[in-house]
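Undergrad: coords below, sequence missing:
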Ligand SMILES: [Zn+2]
């Protein structure tokens, strides 16, 4: 497979004010985004031996989304977001990375259930993105380029329920290294993560959220932990003190904050200041034996 690494020129951003110029630049932007998004989707699916039968459409959304409609698998994207991403990262791998993330949601079956997403699923999609980009020839740095620049270009994720960016980068790098290990090139495995100290392997609570099959654990360091399929602990959030009298403490991940009451019920606060139950916390004491 041949990837074209065209350094984007800014030529389509015209300085003139005429309506014609604006229309032309919009059309060029749309065209360029359409080309890279379709190329990336097809190449990724080719690479895993599946027919490129996903429907790729431009939508008026903040960034990118995977969904199903009438049994067809769709990827919707905002062309401005794609072009901002390519300009910011100066590589087409960033576009490949976000497309791979969405394809990961489809292939892992996340889009076949309710539209609601959860941090575990997001990390699975990031893992797939890192994995497939390594197989396609991206360096770890290129594979991470999109996640590293998402905050700068004002598009954090496909949903507000995404876990914090560091968790996502960790999961993506895990996928990249898992793929690299298939080549039996052990040198690439030397990059290490902050290993958990023995203290943090003491778990006190387990949390479950409605509509999310994942289980999250809270350790004595107040880290909210999700284990990937290889048993790797990834921190997705924090247990924090709550100032509200209604809650004993709160759970925070990404931009989401949940209150936990004295009975262990997890509550979500809506914008309208009303709360609804989203899950529960159970006490759970487990100390991993010393290695
Ligand atoms: Zn996602």
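TA: Sure thing, it's come through. Values in this document were obtained by computation on a predicted structure and should not be read as measured data.
Undergrad: and the helix ranked longest in the chain, what does it pack onto?
TA: Using DSSP state H, we find that the single longest helix of the chain is helix 19-47. When contacts are defined as 3 or more CB pairs under 8 Å, 6 or more residues apart in numbering; DSSP states H and E, helix 19-47 sits against strand 55-58, strand 72-77, helix 79-89, helix 93-107, helix 119-136. The way it works is simple: take the backbone N, C-alpha and C, and place the C-beta from them, glycine included.
Undergrad: what is the mean pLDDT for it?
TA: On average, the pLDDT along helix 19-47 is 87.
Undergrad: buried stuff in that helix?
TA: Across helix 19-47, burial judged by 16 or more other CB atoms under 10 Å covers 25, 29-30, 32-34, 36-37, 39-45.
Undergrad: and that helix, how far from the chain's centre?
TA: Chain-centre distance of helix 19-47: 22 Å, with CA atoms, centre = their mean, to the nearest Å.
Undergrad: Equivalent analysis for stretch 212-225, please.
TA: How far stretch 212-225 lies from its chain's middle: 18 Å, per CA atoms, centre = their mean.
Undergrad: got the buried residues for it?
TA: Applying 16+ other CB under 10 Å to stretch 212-225 flags 212, 214, 216-219, 221-225 as buried.
Undergrad: Same list, these, but as TSV with distance to residue 101, secondary structure and pLDDT please.
TA: Below are the buried residues of stretch 212-225 laid out as TSV (distance: CB to CB, whole Å; DSSP: H, G, I helix; E, B strand; the rest coil; pLDDT from 0 to 100):
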residue	distance to residue 101	secondary structure	pLDDT
212	18	coil	84
214	17	coil	86
216	21	strand	91
217	25	strand	91
218	27	strand	93
219	28	strand	91
221	29	coil	90
222	28	coil	92
223	24	strand	91
224	22	strand	91
225	22	strand	90
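Undergrad: Would you point out the most distant pair within those?
TA: Pairwise distances across the buried residues of stretch 212-225 (CB to CB) peak at 22.8 Å, for the pair 212 and 221.
Undergrad: what angle separates the longest helix of the chain from helix 93-107?
TA: Counting by axes from the mean of the first three to the mean of the last three CA atoms, to 10 degrees, helix 19-47 lies at 60 degrees to helix 93-107.
Undergrad: Helix 19-47 vs helix 119-136, what angle?
TA: Using the same axes, to 10 degrees, the direction of helix 19-47 lies 80 degrees away from that of helix 119-136.
Undergrad: Nearest spatial neighbour of residue 82, chain-adjacent residues omitted?
TA: In this structure, residue 82 finds its nearest non-sequential neighbour in residue 33, 4.2 Å apart by CB to CB, 6 or more residues apart in numbering.
Undergrad: Okay, the one you found and the ion: tell me how far apart.
TA: Between residue 33 and the ion the computed distance is 19 Å (CB to the ion, to the nearest Å).
Undergrad: Quick check: the gap between that residue and residue 106.
TA: Residue 33 sits at a distance of 20 Å from residue 106 (criterion: CB to CB, to the nearest Å).
Undergrad: Please name every helix or strand in contact with the longest strand along the chain.
TA: Using DSSP state E to define each element, the chain has its longest strand at strand 275-287. Contacts defined by 3+ CB pairs under 8 Å, 6+ apart place strand 275-287 against strand 202-209, strand 215-219, strand 256-260, strand 265-269.
Undergrad: how about those strands, which one is nearest the ion?
TA: Among the helices and strands packed on strand 275-287, strand 256-260 comes nearest to the ion, with 14.0 Å by CB to the ion.
Undergrad: Remind me what that closest one packs against, helices and strands.
TA: Under the contact criterion of 3+ CB pairs under 8 Å, 6+ apart, strand 256-260 touches strand 249-253, strand 265-269, strand 275-287.
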